[in-house]
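In: Next input, structure requested:
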Amino acid sequence: MTRYVGAIDQGTTSTRFIVVDRQGEVVAMAQKEHRQIYPKPGWVEHDPAEIWRNTREVVAEAMSRKGLEPKNLAAVGVTNQRETTVLWDRRTGAPLHNALVWQDTRVDQLVAAFARDGGQDRFRAATGLPLASYFSGLKLVWLLDNVPDARAKAEAGDALFGNIDTFLLWHLTGGPDGGLHVTDVTNASRTQLMNLATLDWDATLLDTFGIPRSVLPAIRSSSEVYGEVRDGPIAGVPIAGILGDQQAALVGQTCFRPGEAKNTYGTGCFLLMNTGPKIVPSTCGLVTTVAYRLGDQPACYALEGSIAITGALVQWLRDNLGLIRSSGDIEALAASVPDNGDVYIVPAFSGLYAPHWKESARGVVAGLTRFANRAHFARAALEATAYQTREVVEAMEKDSSIRLEELRVDGGMVANELLMQFQADILDVPVVRPRMTETTALGAAYAAGLATDYWQGTDDLVANWGVDKRWTPAMPAERRAKLYAAWGKAVTRAFDWVD
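Out: Residues are numbered from 1 along each chain as shown. I've put the predicted structure just below:
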């Protein structure tokens, strides 16, 4: 009997179920988008019940496409959009409110209030994170304080908190009937409530934020058997891996050695560099996070540069401005002009993340003249992704004292060859796309497969990795410097837009 490993990949815009073989090749996949809910400017929500329905549907669809039964799966892993915050009723499983998405900025006043006593880096020593609207902890505070009866339920033990991984795992393992309330170290490290050194919830932080410990999940490693799926088309299959999506991509790219880095191009961009078992504090605007913990081995850490808006900018050009009919149209449109026409788009829709951490920034378009047209907007949108990535790479090299030799890339945008060449040009570093670009789902599958001995060790995973295409820098140094300097000027125009 042929056996595989499955992965639930719950992302910002869609949910997928992917089945892979021992070589890390996809043998079955299904995907479904969910609604993006914008109640107010800067507010972004998802319906957790819709995500749970979609999860069940894509699992069933992928299994049926290949004619698979539960016995064909050695294990299932889960990877998820990080920081997106869910609070639900323990007795019914019903969400108490829509999920607050990682992009949501409604807690900016809480950020300012906590920063008044100790500054933006007040909790960085313990958590590796600056105070920002990005992370889950303050989103949870907002839910407890603004949803009727939420705090009372939480204090009575009748409300449960989690990122999406926790919400899905709880439902998969029984929900109100004994569902497991757990998360892994990578997701816990995105809450601003976990101590990086102890890998446990920090009592001082919980007290400072006013969060009852009873609402929090147990923290486990990223690769171990947590339990079994209770029912449905994968009933009885062990759930054996959990990784936040960006850490999953790091594992999927097999970046297991200190200094190895990957960049994932999706809704946003997330560049992670493995720093091994060493916690490396950042002084250059990055965050320190848990990369993964495999079984009972010591945790490995990473430096991360998080960029809020990259692929989402292409969606904005499509959905809000109608400049393109589909996201895939942007490459041809951008290629129809030789350069950006001196147009720069800084997509600070929800502030600026790494390395600036400017909550009050908002998006700007700079350099407009009558010469500019929709093709220049398309090119500027793609280039914005590459410029923001260079800012993060420069910060990462300063923090780690490691010169990046190449950048491994994955995610939906890496199919855009114009962008990949410009990325190599503006970085002056080779950009490498692997054969398997579904690295987020692959990382979750790898974590689950390692825990169940489907793969014997990380050497098996490294052997699966291979190059699809490599882009080498071809831009003259003078032009590179000129373009990047203009970008830097445009970024400063986005600062402090919101009072």
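
In: So for stretch 242-261, what gets flagged as buried?
Out: For stretch 242-261, a neighbour-count test (16 or more other CB atoms under 10 Å) marks 242-256, 258, 260-261 as buried. In this view, the C-beta of every residue, glycine as well, is placed from N, C-alpha and C.

In: Stretch 109-124 too?
Out: In stretch 109-124, counting by 16+ other CB under 10 Å, buried: 110-111, 114-115, 122-124.

In: Out of these, which is nearest to residue 383?
Out: Nearest to residue 383 among these, counting by CB to CB, is residue 111 at 29.6 Å.

In: Now, the buried residues of stretch 109-124 that are in helices?
Out: Mapping the buried residues of stretch 109-124 onto helices (DSSP state H) picks out 110-111, 114-115, 124.

In: What's the per-residue pLDDT of the closest residue to residue 121 other than its chain neighbours here?
Out: Of all residues not flanking residue 121 in the chain, residue 130 sits nearest, at 5.6 Å (CB to CB, 6 or more residues apart in numbering). Looking at residue 130, its pLDDT stands at 89.

In: Now do the contacts for residue 130.
Out: Residues near residue 130 by CB atoms under 8 Å, 6 or more residues apart in numbering: 120-121, 124, 287, 357.

In: From residue 291, how far out is it?
Out: 19 Å (CB to CB, to the nearest Å).

In: returning to what we had before: mind putting the buried residues of stretch 109-124 in JSON lines, pLDDT and distance to residue 9 included?
Out: Converted to JSON lines, these look like this (pLDDT from 0 to 100; distance: CB to CB, whole Å):
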{"residue": "110", "pLDDT": "93", "distance to residue 9": "30"}
{"residue": "111", "pLDDT": "92", "distance to residue 9": "30"}
{"residue": "114", "pLDDT": "92", "distance to residue 9": "33"}
{"residue": "115", "pLDDT": "91", "distance to residue 9": "34"}
{"residue": "122", "pLDDT": "91", "distance to residue 9": "34"}
{"residue": "123", "pLDDT": "94", "distance to residue 9": "30"}
{"residue": "124", "pLDDT": "92", "distance to residue 9": "30"}
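
In: you'd agree residue 6 is in a helix?
Out: No - if the criterion is DSSP: H, G, I helix; E, B strand; the rest coil, then residue 6 is strand and not within a helix.

In: and it, how many neighbours?
Out: 30 (other CB atoms under 10 Å).

In: Could you find the closest non-adjacent residue to it?
Out: In space, residue 6 is closest to residue 76, 4.3 Å off (CB to CB, 6+ apart).

In: If the one you found is in a bridge, with which residues?
Out: residue 6, residue 239 (DSSP bridges).

In: And it, how close does it get to residue 328?
Out: For residue 76, the distance to residue 328 - CB to CB - is 30 Å.

In: cool, residue 363 as well?
Out: 23 Å.

In: Give me the more crowded residue out of these two.
Out: Applying other CB under 10 Å to residue 363 and residue 328 shows that residue 363 carries more neighbours, namely 18 against 13.

In: Wait, the more buried one touches residue 495, no?
Out: No - if you go by CB atoms under 8 Å, residue 363 and residue 495 don't touch, sitting 11.8 Å apart.

In: and the residue of the chain most remote from its centre, what element?
Out: When distances to the mean C-alpha position of the chain are computed (CA atoms, centre = their mean), the maximum falls on residue 370, with 37.8 Å. Using DSSP states H and E, residue 370 sits in no helix or strand.

In: pLDDT at it, what is it?
Out: Value listed for residue 370 in the pLDDT field: 94.

In: Need the three-state assignment for residue 455.
Out: coil.
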